[in-house]
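Engineer: sequence below, structure please.
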Amino acid sequence: MAIDRQKTGARIAAKRAVIGTLQCLWFASAGLSIMPGHAAPRRADAPIVTESVAPAGGSKPLMALGAGDVINMQVYGRPELATTVSIAEDGTLNAPLVGSVPVAGLSVTDAANKVASAYKKGQYLRNPQITILVTQARSQLVSVFGEVRSPGRFAVDASTTVFDLIAQAGGTTERSSSLMYVIRADANGEIKRRAIDLRGLHNDGYQLQSLALQGGDSVFVPPAEHYYIYGEVNTPSMYRLEPNMTVLQAISRGGGLTKVASKRVQIKRRDSSGQLLTRNADLNETVQPDDVIYVKESLF
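Structural biologist: This next block holds a predicted model:
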């Protein structure tokens with residue numbers, strides 16, 4: 001019986017030795033290292049997963065990381081290295097073991113790759129797989145001002161559109177124009193302005209425009225421009241000026257002509273020097289802000 005037990009024990013020991021050898025070969029083929037004082041990591045075949053893709057050609061990412069952003073970092077197979085941390089004022093991320101890693105101005109993809117490189121350079125991990133998710137985008141702020149109910153600065157992410165921002169600001173006021181403007185600096189630092197026509201939101205006759213916002217953008221909703229109409233129209237008053245409105249459309253907005261109206265229509269408009277000029281109007285010409293339209297009475 002003693003001899004049988006010895007043979008059984010020898011077989012078990014031999015089997016364990018073989019299993020241990022196979023495990024070492026498996027880790028080597030997976031490109032993983034077992035560092036002293038560290039638990040053996042599991043195989044990580046999945047690519048780095050991030051919230052956005054770094055653009056080609058070295059251009060600025062749509063949503064770059066910045067000071068104040070709160071990120072969640074995961075290291076595949078190493079849960080003890082997971083962390084949720086704010087990016088410091090100097091633009092660095094404090095990663096476990098490796099310490100401060102500069103990530104400001106990078107996309108989450110590039111930041112994850114940079115942290116992975118720090119782990120490899122420090123010989124903590126041979127093939128680290130890093131996932132970075134932005135949980136609070138505090139550095140990506142956009143200003144909205146003008147005719148909105150709650151002007152201010154709002155945090156945005158890569159999916160925030162100009163309409164999302166207006167909703168965050170409480171919507172437009174009753175005095176707002178039907179056009180708003182997104183103000184943004186281009187790659188050369190030149191300030192550009194893009195008009196967004198709000199009429200497309202409720203009128204199929206106009207193109208529905210949208211625009212994904214970037215940190216540093218400004219959105220301005222101007223007050224509506226007006227024109228004035230009096231004389232032989234049914235509802236003389238001051239009216240909101242719509243883009244490309246003609247004199248004929250302006251008269252229609254004023255309730256149309258009365259029974260005694262003539263075909264003679266005048267416009268009073270200030271020139272570039274501020275002088276008020278009066279002239280006969282063409283019904284198809286475009287009304288300008290602060291125009292005064294006068295419909296004369298028929299003589300017969």
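Engineer: show me the helices in the stretch 201-300 of the chain, by range?
Structural biologist: 247-253 (DSSP state H, counting those that start in this stretch).
Engineer: for it, give me the ranges with low pLDDT.
Structural biologist: Applying pLDDT under 70 to the stretch 201-300 of the chain flags residues 300.
Engineer: hey, where'd the strands end up in it?
Structural biologist: Here the stretch 201-300 of the chain has its strands, by DSSP state E, counting those that start in this stretch, at 218-221, 226-231, 237-240, 261-270, 276-280, 292-297.
Engineer: what angle sits between the fourth one and strand 226-231?
Structural biologist: Same thing as strand 261-270. 140 degrees (axes from the mean of the first three to the mean of the last three C-alpha atoms, to 10 degrees).
Engineer: for stretch 292-300, buried residues please.
Structural biologist: 292-295 (16 or more other C-beta atoms under 10 Å). (Glycine included, C-beta is placed from N, CA and C.)
Engineer: ok, now stretch 234-249?
Structural biologist: 236, 239-242, 245-247.
Engineer: got the end-to-end distance for it?
Structural biologist: In stretch 234-249, first residue to last residue: 14 Å (C-alpha to C-alpha, to the nearest Å).
Engineer: list the contacts of that stretch.
Structural biologist: 178-179, 197, 199, 224-230, 250, 253-258, 265, 267, 281-287, 289, 293 (C-beta atoms under 8 Å, 6 or more residues apart in numbering).
Engineer: domain ranges for the chain, per the record?
Structural biologist: If you go by automatic domain parsing, the domain ranges for the chain are 1-30, 56-136, 141-221, 226-297.
Engineer: can you say which of those domains is packed in most?
Structural biologist: Highest mean neighbour count among the domains of the chain (mean count of other C-beta atoms under 10 Å): domain 56-136, with a mean of 17.
Engineer: grab the most central residue of this structure for me.
Structural biologist: L213 (3.2 Å; C-alpha atoms, centre = their mean).
Engineer: I'd like to know which of the strands of the stretch 201-300 of the chain lies nearest to T160.
Structural biologist: Closest of these to T160 is strand 218-221, at 10.9 Å (criterion: C-beta to C-beta).
Engineer: packing partners for the closest one?
Structural biologist: strand 141-146, helix 162-168, strand 179-185 (3 or more C-beta pairs under 8 Å, 6 or more residues apart in numbering; DSSP states H and E).
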